[in-house]
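Asker: Sequence plus predicted model, see below.
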Amino acid sequence: MRIKVEKRFYITKWQEVCIILASIVLAFSSGALVFHFLGVDPLEAYKMMIDGSLGDFYGVSETVAKTIPLIMCSLAVALSFTMVVWNIGAEGQFVLGALACTAFVRYLYVDNFVVMLACMGISALLAGGLWGAFAGFLKARWNVNEIITTLMMNYVAILLLQYFVYGSWRDPTSLGFPMTPLFPKSARLHQFFSTRVHSGIFFAVIIALILWIVVRKGVWGYEIRVSGQNPKAADYAGIRSTRNVILVMFLSGAIAGLAGMAEMAGLHRRLQPGFAVGYGYTAIIIAWLARLHPLAIIFVSFLFGALFVGGENLQIAMRLPLSSVQILQGLILFFLLGGEFFRNYRVSFISRKR
Amino acid sequence: MELIVPILAAAVRSGTPILYATLGEIMTEKSGVLNLGLEGIMLIGAYVGFIVTYNTGSPFWGLVAAFFVGMAVNVVHAFLCISLKANQVICGLAMTMFGTGVSSLLGRGYVGETIAGLQAVALPGLSSFPVVGPVFFSQDVMVYISYLLVFVVWFLMYKTKFGLMMRAVGDSPLSAEAAGISVSAVRYASTLLGGGLVSLGGAYLTVVYSHMWVDLMTAGRGWIAVALVIFAIWNPLRAALGSYLFGGVEALQMRIQAGGTTVPAPLLMMLPYILTIAVLVVISVFKGRGRMLGAPSALGLPFYREERE
């Protein structure tokens, strides 16, 4: 018997879905193996995760609450990946957005919801956007590797956050805990039906729709896709790649920044060091799994929201650290990447006997 | 002088884990494979080095185990990126997530435990030179090995047949294939060897540097090493220079913190990350005009045998 590998020229939607499903099943199976070797009963762990995240109304509402920042961060990285610009800095841009809107609440508070919402939103968009555009500028001007700059800026952003919450922004009545005072009423987004699902979900869905139209249907979206896939062709066609790199990084950072603002005003309502739990990194998997499609991102984000809530349930019930979720995320990504091969190539077995 | 010598000695110590990781990544990248999973592999190495030393009482076995586990973990990266031609950027990120998760799950019971670890050994003769002696020759064995390793890696890359194959495969896999070299085999070998060294860099942190396990203890050193490869323009000798520069910033920053300063700690801790960006910008401004010297042309590109252009 011989194995024959040849390039695929077309793939049906059905085959594509099968490959993705198979990748996920394999990822969770190998995750079970890892859990088993670490002395954790995998079936119990998975059951615990599903029960916690999708088992009841409260679980689902928590999952949706986590889906909101995930959608926005994933849209942010997907936009840059569309141009083959690797913005790995959504985590930092998310933090910057949160910092900017907290600063606004702290220094320029006005007791009017509409004014506050607009000001907090714009400050977060600008802060995240400029944080991203800086890396974009370095890449456009001197071809500085954006993967490393955006990552380094994540570390700087987290330290900046610590500088403020352990320093001058700390609530004097918090008994020494590093956190700012709670945001006043006019600086909060509405939460529905006494759950933690907040109106930031509208931002997420609206941005997804806008990106779907602009990137998938519009001329500019076509431009950035061409710049990414074939820079030479883009040059000949007169597409200004340099300007687009900075613009894409600005918009990407701005969306992640807005996610940080929604997380502050909608969920935590105060700045504290633990609020950045790695949505910006998970976003990379979501974007990849959704094939950078803005609407698919909404659905995939929900699944990863469930993974996060399930992970928290594991933490409480089985005393496993949240890092167990990271293992699963890594495995899902490994298998997706492996699955990609079968998407691009047809592998067939040919027997010698005819 | 009495003030500067201890800081310089600390710079060499702090720079050593980064040096191992940078040398490892240089080997991997020279063959055309980009591995962005350094942070995760270093964490796994740090954990393995710690746990094996903890259980056997022997730092030697801790370091050996870390090297081989690092190689084993990198098989995944090699298989996906070389055999299955996966996207190398995303695969590296997956490795970082996986390594972070595994090390922190496994290490959760050992936070606060300490091991004896490796101690410093002054080299007789050499260590009595003024300044150079205490800075370079009153260190631990792993530091001395790293001095040798800089030359070994350089020799391997530029003076041996394997090194020639490695560079050929990284620059022009098609020509290498035509000359009868197996692109996959050479890339596998370079990726695994490199992974072993990266893991060893992580193990240095636990076994030699801190003698204990702390969650997420690499704190971005893996990423700094990725940046240093570019700074070093894929040259092992310059990698040593860059690593000690970063070690120096870390040592200086700790010194300032210990000396009781009014500058808040988070701002001081930003220095290495800001320096990384600054170094990258400077190197890119100078090299940006032509092709970056030393950069493997096929870096990050999977090799399709059937697609000849």
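Answerer: Great, that's in hand.

Asker: Against which helices or strands is the worst-scoring helix or strand of chain B on mean pLDDT packed?
Answerer: In chain B, no helix or strand scores lower on mean pLDDT, DSSP states H and E than helix B:132-136, which sits at a mean of 82. For helix B:132-136, the elements it packs on are helix B:4-30, judged by 3 or more C-beta pairs under 8 Å, 6 or more residues apart in numbering or on different chains; DSSP states H and E. In this view, the C-beta of every residue, glycine as well, is placed from N, C-alpha and C.

Asker: same thing but 10 Å
Answerer: In terms of contacts (3 or more C-beta pairs under 10 Å, 6 or more residues apart in numbering or on different chains; DSSP states H and E), helix B:132-136 is packed against helix B:4-30, helix B:141-159.

Asker: pull the CA atoms of it into CSV?
Answerer: Provided in CSV are the C-alpha atoms of helix B:132-136 (Å, rounded to 0.1, in the frame of the first residue of the first chain):
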residue,chain,number,x,y,z
VAL,B,132,37.0,40.0,34.2
GLY,B,133,37.6,37.4,36.8
PRO,B,134,34.6,38.1,39.1
VAL,B,135,32.4,39.0,36.2
PHE,B,136,33.0,36.1,33.8
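
Asker: Can you mark which positions in that helix are buried?
Answerer: Going by neighbour count (16 or more other C-beta atoms under 10 Å in any protein chain shown), the buried part of helix B:132-136 is B:133-136.

Asker: Which one of those residues is nearest to B:R255?
Answerer: Set against B:R255, the nearest of the buried residues of helix B:132-136 by C-beta to C-beta is B:V135 (14.7 Å).

Asker: Tell me, how many residues neighbour the closest residue to that closest one other than its chain neighbours?
Answerer: Once flanking residues are discounted, B:V135 sits nearest to B:L8: 4.5 Å by C-beta to C-beta, 6 or more residues apart in numbering or on different chains. If you count neighbours by other C-beta atoms under 10 Å in any protein chain shown, B:L8 ends up with 19.

Asker: Any regions of the chain where pLDDT drops low?
Answerer: If you meant another chain, say so; for now it's chain A. In the predicted model, chain A carries pLDDT under 70 at residues A:1, A:352-354.

Asker: could you do chain B instead?
Answerer: Filtered on pLDDT under 70, chain B yields the residue ranges B:1, B:288-294, B:305-309.

Asker: and A:P321, what is it in contact with?
Answerer: With contact set as C-beta atoms under 10 Å, 6 or more residues apart in numbering or on different chains, A:P321 has these partners: A:311, A:314-315, B:101, B:104-108, B:215.

Asker: before we move on, what about A:M261?
Answerer: A:72, A:94, A:97-102, A:104, A:117, A:120-125, A:127-128, A:189, A:200, A:203.

Asker: just to revisit the earlier point, and the buried residues of helix B:132-136 as JSON lines, adding distance to A:L175?
Answerer: Output for these, formatted as JSON lines (distance: C-beta to C-beta, whole Å):
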{"residue": "B:G133", "distance to A:L175": "51"}
{"residue": "B:P134", "distance to A:L175": "47"}
{"residue": "B:V135", "distance to A:L175": "46"}
{"residue": "B:F136", "distance to A:L175": "49"}
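
Asker: nearest to chain A, of those residues?
Answerer: B:V135 (27.9 Å; C-beta to the nearest C-beta).

Asker: Just name the most buried of the helices and strands packed on helix B:132-136.
Answerer: Of all these, helix B:4-30 has the most neighbours on average by mean count of other C-beta atoms under 10 Å in any protein chain shown, namely a mean of 25.

Asker: where exactly do the helices run in chain B?
Answerer: B:4-30, B:38-56, B:59-78, B:88-106, B:132-136, B:141-159, B:161-171, B:173-178, B:183-204, B:221-231, B:236-258, B:265-269, B:271-287 (DSSP state H).

Asker: Pipe these into JSON lines and attach distance to A:T149 per row.
Answerer: Listed next are the helices of chain B as JSON lines, based on distance: least, C-beta to C-beta, whole Å:
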{"stretch": "helix B:4-30", "distance to A:T149": "17"}
{"stretch": "helix B:38-56", "distance to A:T149": "16"}
{"stretch": "helix B:59-78", "distance to A:T149": "23"}
{"stretch": "helix B:88-106", "distance to A:T149": "14"}
{"stretch": "helix B:132-136", "distance to A:T149": "32"}
{"stretch": "helix B:141-159", "distance to A:T149": "27"}
{"stretch": "helix B:161-171", "distance to A:T149": "24"}
{"stretch": "helix B:173-178", "distance to A:T149": "29"}
{"stretch": "helix B:183-204", "distance to A:T149": "21"}
{"stretch": "helix B:221-231", "distance to A:T149": "9"}
{"stretch": "helix B:236-258", "distance to A:T149": "16"}
{"stretch": "helix B:265-269", "distance to A:T149": "18"}
{"stretch": "helix B:271-287", "distance to A:T149": "5"}
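
Asker: For A:L336, which of these is the nearest?
Answerer: Closest to A:L336 of those, according to C-beta to C-beta: helix B:88-106, at 8.4 Å.

Asker: Remind me what the closest one packs against, helices and strands.
Answerer: Partner elements for helix B:88-106 (3+ C-beta pairs under 10 Å, 6+ apart): helix A:13-37, helix A:146-165, helix A:279-289, helix A:323-344, helix B:38-56, helix B:59-78, helix B:183-204, helix B:221-231.

Asker: mind listing what's buried in the fourth one?
Answerer: Residues of helix A:323-344 classed as buried under the neighbour-count rule (16+ other C-beta under 10 Å) are A:323-342.
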